[in-house]
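# need the 3D shape of this:
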Amino acid sequence: MIKENLEKIRATLPKSVTLVAVSKTKPVSDLQEAYDAGQRIFGENHALEMRDKHEVLPADIQWHFIGHLQTNKIKYIIPFVTLIHSIDSANLLEAVNKEAKKHDRVVDCLLQFHIAQEETKFGLDLDEARQLLESDEFKQMDNVRICGVMGMATFTEDMDEVRKEFKHLKEIFDTLKAKYFAGQPQFKEISMGMSDDYPIAVEEGATLVRVGSKIFGARNYNV
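Predicted coordinates for the structure are as follows:
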């Protein structure tokens, strides 16, 4: 089923959009099945779980961290993480930079924005992002590279609201690109859209979609 699900989803995605298979809570056997079906990019939201899976799965997997990252867990993923989607504060970015320096790595990161109506979602607003990008501290961070933005839409059946939020994230991306990253080709990613709303995200400019249950089935909360 996992192979069939991947093929169905890939058939709906333009070449400009990359599929992140959200494998949190899923057993290694499920990830291996997806890998055997050609999937190479996996998204996890717990640092220790991601570290443990990385240790036993093929070395050419690209690991994306998509959840709220606690500073005391950064050290577990920095040696191998490909992209951190969820930078939601200047302090977190600084901590990632510090840990990446120890490993002589430059770690790619996305700035997470709060675009949903729910207060429980993490993320920056545009003013906070401006303060971060204009700060002297940021200018001295040589071990992180900002590659774009991420956002999570409101959990709702109102797809007009979801579309509006995705449009807003695309506007934030365009604003930051023009002011801070003009002429910097690495600033190109818009991570938005999950299993229930990724087609709308694609229509509104997503370059990365984070799809879990449509690939692997419902989450295993008892893992």
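# the most far-flung residue of the chain relative to its centre and L176, how far apart?
Distance from the centre of the chain peaks at D136, with 25.7 Å (Cα atoms, centre = their mean). Noted for D136: a distance of 19 Å to L176, by Cβ to Cβ, to the nearest Å. Where C-beta positions appear, they are placed from N, C-alpha and C, glycine not excepted.
# kindly report the same for I115.
In this view, I115 and L176 are 14 Å apart by Cβ to Cβ.
# those two: which is more packed in?
Taking other Cβ atoms under 10 Å, I115 and L176 do not tie; I115 has more neighbours (24 against 21).
# hang on, that one in a strand?
No. Counting by DSSP: H, G, I helix; E, B strand; the rest coil, I115 falls outside a strand, being coil.
# isn't it right next to H168, touching?
Yes. Here I115 reaches H168: they are 5.3 Å apart, a contact under Cβ atoms under 8 Å.
# and stretch 56-65, which residues are buried?
Neighbour-count burial for stretch 56-65 flags 57, 61, 63-65 (criterion: 16 or more other Cβ atoms under 10 Å).
# which other residues reach the helix ranked longest in the chain?
In the chain, with assignment by DSSP state H, the single longest helix is helix 159-180. Residues from elsewhere that reach helix 159-180, judged by Cβ atoms under 8 Å, 6 or more residues apart in numbering: 111, 113, 115-117, 126, 129, 133, 148-149, 151, 153-154, 156, 187, 190, 192-193, 197, 200-201, 203-206.
# is the residue positioned nearest the centre of the chain in a helix, a strand, or coil?
What sits nearest the mean C-alpha location of the chain, by Cα atoms, centre = their mean, is H85, with 3.1 Å. Here H85 is recorded as strand under three-state DSSP.
# if I pick it, what's in contact with it?
Residues in contact with H85, defined by Cβ under 8 Å, 6+ apart, are 43, 64-66, 110, 112, 150, 191, 208, 210.
# tell me how far it lies from F113.
With Cβ to Cβ as the criterion, H85 and F113 are 11 Å apart.
# which residues do these two both contact?
Joint contacts of H85 and F113 (Cβ under 8 Å, 6+ apart) are M150.
# so which residues of the protein form strands?
18-22, 41-44, 62-65, 83-87, 107-113, 144-151, 189-191, 208-211 (DSSP state E).
# looking at the ones you listed, which is closest to R10?
strand 18-22 (6.5 Å; Cβ to Cβ).
# the closest one to strand 83-87, inter-axis angle?
Strand 18-22 runs at 70 degrees relative to strand 83-87, counting by axes from the mean of the first three to the mean of the last three Cα atoms, to 10 degrees.
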